[in-house]
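Asker: Here's a sequence, model it:
(one chain, ligands or ions: 1)
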Amino acid sequence: MEDGADFQRRALREAFGDSSDSDADSPSAADSRGGGGGGGGERDRARWEMVEGVKGLWLCPNFLSPKNQSSLLSAVNREGWFSDDAHNQAMRFGDFPEWATELTRLVREAVCVSEISSRADQEACPLPLDLLWREPLFDQLIANVYKPGEGICAHVDLMRFEDGIAIVSLESPCIMHFTRPTTDMEVGTTATLEEDRELTKRVPVLLTPGSLVLMSGEVRYLWKHEINRKPGNQVWEGKEIQQGRRTSVTLRKLCPSPPS
Ligand SMILES: O=C(O)CCC(=O)C(=O)O
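Answerer: Numbers count the residues shown, from 1 in each chain. I've put the predicted structure just below:
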């Protein structure tokens, strides 16, 4: 099993090629990939899909290679947060462990060095630039572990967090549903439950292990996201998804605290 430092070294190697093993002198992502020079080009470019109908929602299915997934999982497990069965969520604020700093760097790199699916607007960016270049990009993390059948209720993330949220999925796939009441419902028409359901937009997104989701703007503030792993709710292309343990790492940035 690798530790956090191994994860970082491997990620750097995959990102920049072998020549970057001597960390301090690592070329920037732009140096190593731009124009095909340097030691880059080994790692697949991040492939981004804009989720249709959900403004601000982007999915990168190939964010982490299988090796990097297992390294990241080892680093999370090594924290000891989930060593007893009673705990399934852990949070860190401020100082990140090394592996989370590295993960943050990889998120930024995946946005900078990427391919946008042909169906999406080629000028669009998976994260608005003002968010992409803020420092730090993230300073709060939540790791969640889900047993088969477990999920998370529909919610909008708390307003104490800034715009721009990243979710990395590990271990087993799941479907995350995004829901947004339509304008009709927001103005409070007296719809029946059935009509409510019809008026609510509900978009399923398949989160495979190693994928990264970015949420900003409309999807972050106006849509709820939810994982319902009760039988019958995890159906993708007509087939029920085989459920296993799932781990996720969510990265966010706290809003500045108001001056006291
Ligand atoms: O586990 C996930 O993929 C999502 C987690 C989440 O939405 C949360 O912790 O607020």
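Asker: can you tell me the helix or strand for the residue nearest the centre of the chain?
Answerer: Using C-alpha atoms, centre = their mean, the residue of the chain that lies closest to the mean C-alpha position is I167, 2.2 Å off. Taking DSSP states H and E as the definition, I167 sits inside strand 165-170.
Asker: Name the strands paired with that strand and say parallel or antiparallel.
Answerer: Counting by DSSP bridges, the strands paired with strand 165-170 are strand 212-215 (antiparallel), strand 246-252 (antiparallel).
Asker: hey, which of these is tucked in deepest?
Answerer: With neighbours defined by mean count of other C-beta atoms under 10 Å, none of the strands paired with strand 165-170 is more surrounded on average than strand 212-215, at a mean of 26. To be clear about C-beta, it is placed using only N, CA and C from the backbone, and glycine gets the same treatment.
Asker: ok, the residue of the stretch 151-260 of the chain found nearest the ligand to W99 distance?
Answerer: Closest approach between the stretch 151-260 of the chain and the ligand, counting by C-beta to the nearest ligand atom: S248, at 3.4 Å. As defined by C-beta to C-beta, to the nearest Å, S248 lies at a distance of 15 Å from W99.
Asker: Same question for V156.
Answerer: Distance from V156 to W99, by C-beta to C-beta: 28 Å.
Asker: what is the mean pLDDT for the biggest helix by length in the chain?
Answerer: When the chain is parsed with DSSP state H, its longest helix is helix 98-112. Averaging pLDDT along helix 98-112 yields 97.
Asker: and if you look at stretch 176-189?
Answerer: If you average the pLDDT over stretch 176-189, you get 71.
Asker: Next secondary structure after the helix or strand bottoming out on mean pLDDT in the chain?
Answerer: Least confident helix or strand, the chain: helix 29-33 with a mean of 29, by mean pLDDT, DSSP states H and E. If you walk from helix 29-33 toward the C-terminus, the next helix or strand you reach (DSSP H and E) is strand 46-50.
Asker: Quick check: buried residues in that next one?
Answerer: Across strand 46-50, burial judged by 16 or more other C-beta atoms under 10 Å covers 46, 48-50.
Asker: now it: mean pLDDT?
Answerer: Averaging pLDDT along strand 46-50 gives 95.
Asker: and the nearest residue to R160 once chain neighbours are set aside, what does it touch?
Answerer: Closest residue to R160 apart from its sequence neighbours, by C-beta to C-beta, 6 or more residues apart in numbering: C255 at 5.6 Å. With contact set as C-beta atoms under 8 Å, 6 or more residues apart in numbering, C255 has these partners: 159-162.
Asker: Any regions of this protein where pLDDT drops low?
Answerer: 1-43, 120, 183-199 (pLDDT under 70).
Asker: Can you show me the helices along it?
Answerer: Using DSSP H, helices in the chain cover 4-16, 29-33, 66-78, 98-112, 129-132, 183-186, 193-199, 218-222.
Asker: neighbours around the closest residue to P66 other than its chain neighbours, how many?
Answerer: Sequence neighbours aside, G210 is the residue nearest to P66 in space, at 6.8 Å (criterion: C-beta to C-beta, 6+ apart). Counted with other C-beta atoms under 10 Å, residues neighbouring G210 total 22.
Asker: for G210, phi and psi?
Answerer: phi 90, psi 0 (degrees, to the nearest 10).
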